[in-house]
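[1] Following is a predicted model, sequence given first.
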Amino acid sequence: MDGYLISLATFTAINVGLALSLNLISGFCGQISLGHAAFFGTGAYASALLSVNGSPFVLSLLAGGLAAAILGLIVGLASLRVREDFLAITTMGVSFLFIGFVRKQEWLGGEVGISSIPKPLSDEGMAILAFALAAAIGLLLWQIRRSWMGRIFDMIAQDEDAALSLGIDTARYKLAAFVLGTAAAGLMGVVYAHLVQLIVPDAFDFIVSVTILAMVVVGGVGSIWGVVAGALLLTLLPEMVRFVNDYKLLIYGSLMIAVMLASPGGLAGVAAKLLKRGG
Amino acid sequence: MFQLELLAAGLVQGATYAMMALGLTLVYGLLRILHIAHAALFTLGAYVGVVAANLGLPIVLAGLVAVAAGALAGPLVYLAVYKPLLDKPPYVALIASIGLLIALEDGFRLVFGPYGLSFDHNPWFITGWDFGGVYLNAVQLTIAVAALVLISGFALFAARSRTGVAWRATVTDPAMAETFGVDPEHIRMLNFAIASALAAVAGILVGLLNNLVEPGMGAIISYKGLAIIVLGGLGNVMGTLVAALMLGVAESFGQAYLDHILDRDAIAFFILIVVLMWRPHGLFARGR
């Protein structure tokens, strides 16, 4: 396979993993998050810092996931105090705070970021790693969906007060969703940092958070296959059609509006409707 | 005095935030929508203004054209995007609004180019006076005066005029207002027209202040506007105005003293998160 295809496949797998990890928080558990890129960035920065100082890759990988999960736990704890509209704005704030903080930290490279991060595997190896992690996240979501936890997530997403009145400790479950989802985003951040070998603050800005959200929304909030399809579509479309790449945000934005207007269930909702009609 | 200068610059900045945030809080108060795409109307106002001025119109007339464009475009946004989504869960309109903003920003980039436009002739920018050691140019003064006049004008309209009363009734209880013969659709259109006209005024003034109008100029101010209306206790007009001025001043001092730790644009969100942890419904929330 030529290099371009391998790197495209790796980026696609990273985006699928990111979209799935956000789907756990915003789709399954209904906690809308506009700051997912901050956790992606935390994983990337934590692992890059370790790797340039000579840490073995496996350690960097674990540390990246852990750092993102810790930030996720903090943001999750903070988010317990706010709901819906307040939560959306708080998580948006997390996105800006992350960038605004990292940009000014000399030990994190400031505006220029961290460069010459060692690549632990061959190009093919990185692609396989990215795919394996994305698949593991997908599998985790699938397992959660079938479990008791998945049912409770669903209940919180539908009607949190009803869940509370049944004696469910919704705070614990919301925290679990935040920690798992952000840890997964952190792992994808580790792969990203070691793939591109140079990270800058702007690679994790608000538009990236919005792009990940667009993948979830276009695919279908809460659906596993839908979100995979959404991530594939929004990653591959700009690559395949040059025209799309020039007008990327115009098309992402228009797709988000069109999906919300026509079918808030996204691609998954459309597919479900078609299947029902056929059967 | 350095501190006085910071205070003046902060208040001017706060005045632009106030004009933006007032529109956002009007939309939120009436429809419970976080109208992120408000930024696009701000940018639209700035572009219409700069194009009109560069075609030879005096700045005041260019400003009026910009306001007219905003007042027309706002209700269109409502009809095209929000109206069909009113009965959906709140995140649906929020996502559509984000989509609309990034699409329109890209649209401005395609139409007017990525590098932005400057005013060929910006007399207010180069005229200024010294007020006891604090230098302010004519744009900064206009911003302060415009914010004061427009916001108190709006308050008067809401308190005294017949339409203003109908508008307040619809915010409080749409169904009850309708039984009294108020057309809620009419009120919503008017709401978007006023909010967007305010955004357009803020847009052209910020364009004059920086002597630059560029596609992404609205985004940050709109995100901060959302932080401000949350700080002010969503839907609370007075709280929003106070929060806007406070944020302008906090940013001005923050940039002077904290720039080595935190980016200017992150200060708003730092304050926001700290305040929300302390008071989850904002600083000036009405009793819930």
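    Okay, I see it.
[2] How about chain A: which residue is closest to chain B?
    A:Gly100 (2.3 Å; C-beta to the nearest C-beta). Any C-beta I mention is one placed from the backbone N, CA and C, and that applies to glycine too.
[3] next SSE after the helix or strand of chain A at the bottom of the mean pLDDT ranking?
    Sorting the helices and strands of chain A by mean pLDDT, DSSP states H and E puts helix A:242-246 at the bottom, at a mean of 72. Downstream of helix A:242-246, the first helix or strand assigned by DSSP states H and E is helix A:248-262.
[4] And what about B:Trp129, helix, strand or coil?
    Using DSSP: H, G, I helix; E, B strand; the rest coil, the structure places B:Trp129 in strand.
[5] distance of the nearest residue to it once chain neighbours are set aside from B:Gly248?
    Leaving aside its sequence neighbours, B:Trp129 sits nearest to B:Leu136 (C-beta to C-beta, 6 or more residues apart in numbering or on different chains; 6.5 Å). Using C-beta to C-beta, to the nearest Å, B:Leu136 is found at 14 Å from B:Gly248.
[6] Equivalent analysis for B:Ala166, please.
    Separation of B:Ala166 from B:Gly248 (C-beta to C-beta): 32 Å.
[7] Tell me which of those two has more neighbours.
    Comparing B:Ala166 with B:Gly248 by other C-beta atoms under 10 Å in any protein chain shown, the one with more neighbours is B:Gly248, at 23 against 19.
[8] The more buried one and B:Gly10 touch, don't they?
    Yes. Contact status for B:Gly248 versus B:Gly10: in contact at 4.5 Å, counting by C-beta atoms under 8 Å.
[9] measure B:Lys224 to chain A for me?
    9 Å (C-beta to the nearest C-beta, to the nearest Å).
[10] What values do phi and psi take at that residue?
    phi -70, psi -40 (degrees, to the nearest 10).
[11] Near it, how many other residues are there?
    So B:Lys224, with other C-beta under 10 Å, has 27 neighbours.
[12] got it, and B:Leu226?
    Burial measure for B:Leu226: 28 neighbouring residues, criterion other C-beta under 10 Å.
[13] pLDDT wise, what is the residue of the stretch 151-288 of chain B at minimum distance from chain A at?
    Nearest to chain A, among the residues of the stretch 151-288 of chain B, is B:Ala266, at 2.3 Å (C-beta to the nearest C-beta). We have a pLDDT of 83 for B:Ala266.
[14] tally of neighbours for it?
    Residues lying near B:Ala266 (other C-beta under 10 Å) number 24.
[15] So, low pLDDT: which residues of the stretch 101-250 of chain B?
    Low-confidence segments of the stretch 101-250 of chain B (pLDDT under 70): B:235.
[16] Doesn't B:Val77 belong to a helix?
    Yes. Assigned with three-state DSSP, B:Val77 falls within a helix.
[17] Contacts only, for it.
    Listed by C-beta atoms under 8 Å, 6 or more residues apart in numbering or on different chains, the contact set of B:Val77 reads B:37, B:40-41, B:100, B:192, B:196.
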